[in-house]
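Student: Got a sequence here, can you build the structure:
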Amino acid sequence: MSELYIGIDSGTQGTKGVILDGESGDILDEAYAPHGLLEDNAGMREQHPSWWLTACHAVISRLISGPRVDPSLVRGIGVSGQQHGFVPLDAAGEVIRPAKLWCDTATTAQCAAITERMGGPEAVMNAIGNSVAAGFTASKVVWLKDNEPENYDRLATILLPHDYINFWLTGERRTECGDASGTAFFDVKRRAWSGELLDAMDPSGKLTACLPELIESDQPVGVVRPELAGEFGFADDVLVSSGGGDNMMAAIGTGNVVPGQVTASLGTSGTIYAYSETPVVDPRGELAAFCSSSGGWLPLVCTMNVTVATELTRNLLELSTSRLNEMAESAGPGSGGLLLLPYFNGERTPALPGATASLHGMNSTNYTPQNMCRAAMEGATFGLRYGMDVMQRLGLEPSEIRLVGGGARSALWRQIVADILGCPVLRPRVEEAGALGAAIQAVWCVKTDRGERVSLPELAARYVTMDLTGGAEPDSARKGLYEDIYGRYLLLDKALRSMNE
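Tutor: Numbering: from 1, shown residues only. Just a heads-up that it's a prediction; the model follows:
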């Protein structure tokens, strides 16, 4: 009988899950459960980690309750999680306070303080290969020290969101290089924790003792705890793979595990990333020099505002998603001259955490709902184009874009991406790339643990297929038009830098 593998993707808005038939490669079922969000106007974005566990429990329960699923055949579980979040645990393994998320920008002052104590941005880059960005974990830890010293005194373990879910599943406090490389206290070139950064965060040495054990991407975190295994009807030896950050798992789930592939995500945030067999470090700090969760590296550029822009526009105009697409398509390329700088949540690339959005080029004839809808899509995509420029500056050239995320469901948006980035767009058949990638990694882990000689690229080639009807080729005329508009986008960004920095 076929072995089954569960992939979990715990994101900002909710938890998704898939169950993979290891023999046929079929997705037997999918499930979803939403999360809440704690936020304010000062940049705070937090969640209770218990919400993730409740959602994971619900998702797993639904996945194993389907008519095609025998839970006793589940052999492995992989977990994908939103990157950079800070889950503080006390000595008893209890959560001390809500987790600060990747999109929390309330820690900007701590970023500056850490960088100054390191001796400046160049010293930081030399130490870890990345900058100390507002979204990364390091500043959140120092924020706790600065603002909640009693809670900081209780701190015994620092976990990332996916590590915390693994802790719930197994009782083990471990992590892997991919997600760890997004903390800003991890040296991506040496694939090890950075003592220099940890000392800059807290010279007492306390933090070193708070770090989880580092394991390789193909190693298991542990075995599902007996009480959970019994509750779900699992065997007593179900392995939980190392897991990783959502971008690292989506790379696996889109087959982006060999040089030349590029994945772009149209989600709440936008990401564009490629596989590399060697570290790719940006001296300007615009590219995140992450490790992958497949044993290599994953140079990545992140923008904070993609479906944020379209969802805010849709809600403002009281439209359905399909109606927003219809109106955007009717507007035509260029949005009648409207140009959106979509910094609704600040911005990571370029590094403008305190920036705000701007709508430019309005006049008495073009200020229409149709043009606003199109400008939201185009503005968010220009942000991704900026990221592509960064990657190309560092020698990474895409041959094709594998597009994922909620925005990738729109045929119009897929075409806009192809035209603005000037590259063919492919859409993976399985939409939930993070969850699929986590399941594939679980297969890799289980087979490796058994001593079977199988490579992750082989598994990805087997389980990741493209939707032959969901691609888009760049149109030469629109590509030329968008080149001119993108030039205006860059000029607008430059003109507003003094207000946004």
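Student: burial count for residue 58?
Tutor: Here the count is done by other Cβ atoms under 10 Å, and residue 58 has 16 residues near it. Every residue, glycine included, has its C-beta placed from N, CA and C.
Student: Could I get the contacting residues of it?
Tutor: The neighbourhood of residue 58, defined by Cβ atoms under 8 Å, 6 or more residues apart in numbering, consists of 15, 31, 33.
Student: Sort out which one of these lies nearest residue 343 for me.
Tutor: Residue 343 has its nearest neighbour among the contacts of residue 58 in residue 15, at 28.0 Å by Cβ to Cβ.
Student: Grab the nearest non-local neighbour of that closest one.
Tutor: Excluding the flanking residues, the one nearest residue 15 by Cβ to Cβ, 6 or more residues apart in numbering is residue 55, at 3.8 Å.
Student: if we can go back for a sec, name the nearest of the contacts of residue 58 relative to residue 278.
Tutor: Nearest to residue 278 out of those is residue 15 (Cβ to Cβ; 33.9 Å).
Student: how far away is that closest one from residue 118?
Tutor: Distance of residue 15 to residue 118, given as Cβ to Cβ, to the nearest Å: 36 Å.
Student: More neighbours: which of these two?
Tutor: Shown here are residue 15 and residue 118; by other Cβ under 10 Å, residue 15 has more neighbours (28 against 22).
Student: That one contacts residue 57, correct?
Tutor: No - taking contacts as Cβ atoms under 8 Å, residue 15 lies outside contact range of residue 57: 9.4 Å.
Student: from what I can see residue 84 touches residue 139, true?
Tutor: No - look at residue 84 against residue 139 with Cβ under 8 Å: they stay out of range, at 9.7 Å.
Student: Look at those two and report which has more neighbours.
Tutor: Each of residue 84 and residue 139 has its neighbours counted (other Cβ under 10 Å); residue 139 has more, 30 against 27.
Student: Figure out how far the helix or strand harbouring the more buried one is from the centre of its chain.
Tutor: Using DSSP states H and E, residue 139 falls within helix 137-147. Relative to the centre of its chain, helix 137-147 is centred 21 Å away, using Cα atoms, centre = their mean, to the nearest Å.
Student: Pull out the buried positions in it.
Tutor: Residues 137-145 are the ones in helix 137-147 that count as buried (16 or more other Cβ atoms under 10 Å).
Student: same question, stretch 382-392
Tutor: Buried residues in stretch 382-392 (16+ other Cβ under 10 Å): 382-388, 390-391.
Student: So which of the residues you listed belong to helices?
Tutor: Under the assignment DSSP state H, the buried residues of stretch 382-392 contribute 382-388, 390-391 to helices.
Student: Pick out whichever of those sits closest to residue 498.
Tutor: The closest of those to residue 498 turns out to be residue 386 (Cβ to Cβ; 18.6 Å).
Student: Give me the pLDDT for the closest one.
Tutor: For residue 386, the model assigns a pLDDT of 96.
Student: Who are the contact partners of it?
Tutor: Listed by Cβ under 8 Å, 6+ apart, the contact set of residue 386 reads 301, 303, 349-350, 490.
Student: now these: which count as buried?
Tutor: 301, 303, 349-350.
Student: Show me those residues that map onto strands.
Tutor: 301, 303 (DSSP state E).
Student: could you dump the buried ones among the contacts of residue 386 to TSV with distance to residue 466?
Tutor: Formatted as TSV, these follow (distance: Cβ to Cβ, whole Å):
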residue	distance to residue 466
301	23
303	24
349	27
350	32
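Student: coming back round to it: tell me which other helices or strands the helix or strand just after the helix holding residue 139 touches.
Tutor: As assigned by DSSP H and E, the chain's next helix or strand after helix 137-147 is helix 149-154. Applying 3 or more Cβ pairs under 8 Å, 6 or more residues apart in numbering; DSSP states H and E, one finds that helix 149-154 makes contact with helix 137-147.
Student: Now do the helix it packs on: which elements does it pack against?
Tutor: Counting contacts by 3+ Cβ pairs under 8 Å, 6+ apart, helix 137-147 is packed against helix 108-118, helix 149-154, helix 195-201.
Student: how about a cut-off of 6 Å?
Tutor: If you count contacts as 3 or more Cβ pairs under 6 Å, 6 or more residues apart in numbering; DSSP states H and E, helix 137-147 packs onto helix 108-118, helix 149-154.
Student: Could you tell me the angle between that helix and helix 108-118?
Tutor: Calculated by axes from the mean of the first three to the mean of the last three Cα atoms, to 10 degrees, helix 137-147 forms an angle of 100 degrees with helix 108-118.
Student: Can you list the neighbours in contact with helix 137-147?
Tutor: Helix 137-147 is contacted from outside by 84, 86, 100, 107, 110-111, 114, 132, 151-152, 183-185, 201, using Cβ atoms under 6 Å, 6 or more residues apart in numbering.
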